[in-house]
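# missing the sequence, but the structure's below:
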């Protein structure tokens, strides 16, 4: 592969079809991210293992903390204004090694630095291990590592891509169906929902904000609805509040009772004893 252009003083080596540079220094300092000179267009994946900086690209400035993963288009100028002593890693990947369209690559290289989300966190972990791999590592191993990076970059580009109004509605439908299928699981959280659908927690919250709710409120709302329906079914006089609380994923009967009263204005046992007919299912609901 063509050598990666890098600032003076950088430690450089190739890993498969990737170029890896590590820069260390004191602050304040401005680090200019290298732009393409040969070898065709590429993306630069960057992260700090120490130090904080401001990333300036496309006329905007965004903070970049240790562990945050950022992507820079190798054809566009960018600088990092380092505010503390730093160790910065830059990983160059040719665009031809990726399956991204020009628009997907442009969108990816404009995202704010972040470390959260199932793909970003996995890619960040892999890159931190990768920069420590010796340059003389077995070629086959190096190529496989580079291939794993390319696949994760492709996935990172599409995981939060805006699918348009119809696509967003379909995704919210899948998210709600997943929640409904796992209401019993006490470990059901926004993080587990996001991971199951291969999207970031940030994007998950954004989707639910567009529907006038939050993920946590929706999960509790659905648990309360199902618990209320179970308590109202005929022949459920003998069922205990604790059993219903456990069945629908509440941490304790006390938490369930408190939440139920806040939503419906009465205790679960009062609801069970006073409303046992089929019409109970049409009772009050919580938004």
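Noted; the coordinates are in hand. All of these numbers come straight from a predicted model, not from anything done at the bench.

# for stretch 207-224, which positions count as buried?
207, 208, 215, 218, 219, 220, 221, 222, 223, 224 (16 or more other CB atoms under 10 Å). C-beta: built from backbone N, CA, C; applies to glycine.

# ugh, wrong one, I meant stretch 144-159
Those would be 145, 146, 149, 150, 152, 153, 154, 155, 156, 157, 158, 159, for stretch 144-159 by 16+ other CB under 10 Å.

# quickly note the distance from the first one to residue 98.
The reference is to residue 145. 15 Å (CB to CB, to the nearest Å).

# relative to the whole chain's centre, how far out is stretch 91-104?
In terms of CA atoms, centre = their mean, to the nearest Å, the centre of stretch 91-104 is set 20 Å apart from its chain centre.

# nope, stretch 69-85 is what I was after
The answer for stretch 69-85 is 21 Å, by CA atoms, centre = their mean.

# make 884 the first number, not 1, from now on.
Renumbered: residue one is now 884, and that last one reads stretch 952-968.

# just the mean pLDDT for that stretch, thanks.
The pLDDT scores in stretch 952-968 average 91.

# what's the span of that stretch, first residue to last?
18 Å (CA to CA, to the nearest Å).

# equivalent analysis for stretch 934-946, please.
11 Å.

# which of the buried residues of stretch 1027-1042 fall in strands?
Residues of the buried residues of stretch 1027-1042 located in strands (DSSP state E): none.

# now tell me which of the residues you listed the prediction trusts least.
residue 1042 (70).

# return the subset of the buried residues of stretch 1090-1107 lying in helices.
1090, 1091, 1098, 1101, 1102, 1103, 1104, 1105, 1106, 1107 (DSSP state H).

# next one: the third one from residue 1062, what distance?
Note on residue 1098: its distance to residue 1062, by CB to CB, is 8 Å.

# any common contacting residues for these two?
residue 1076 (CB atoms under 8 Å, 6 or more residues apart in numbering).

# which of the ones in helices among the buried residues of stretch 1090-1107 lies closest to residue 939?
The nearest member of these to residue 939, counting by CB to CB, is residue 1090 at 30.0 Å.

# now name the helix or strand holding the closest residue to the closest one other than its chain neighbours.
Closest residue to residue 1090 apart from its sequence neighbours, by CB to CB, 6 or more residues apart in numbering: residue 1055 at 5.5 Å. Per DSSP states H and E: residue 1055 is located in helix 1047-1064.
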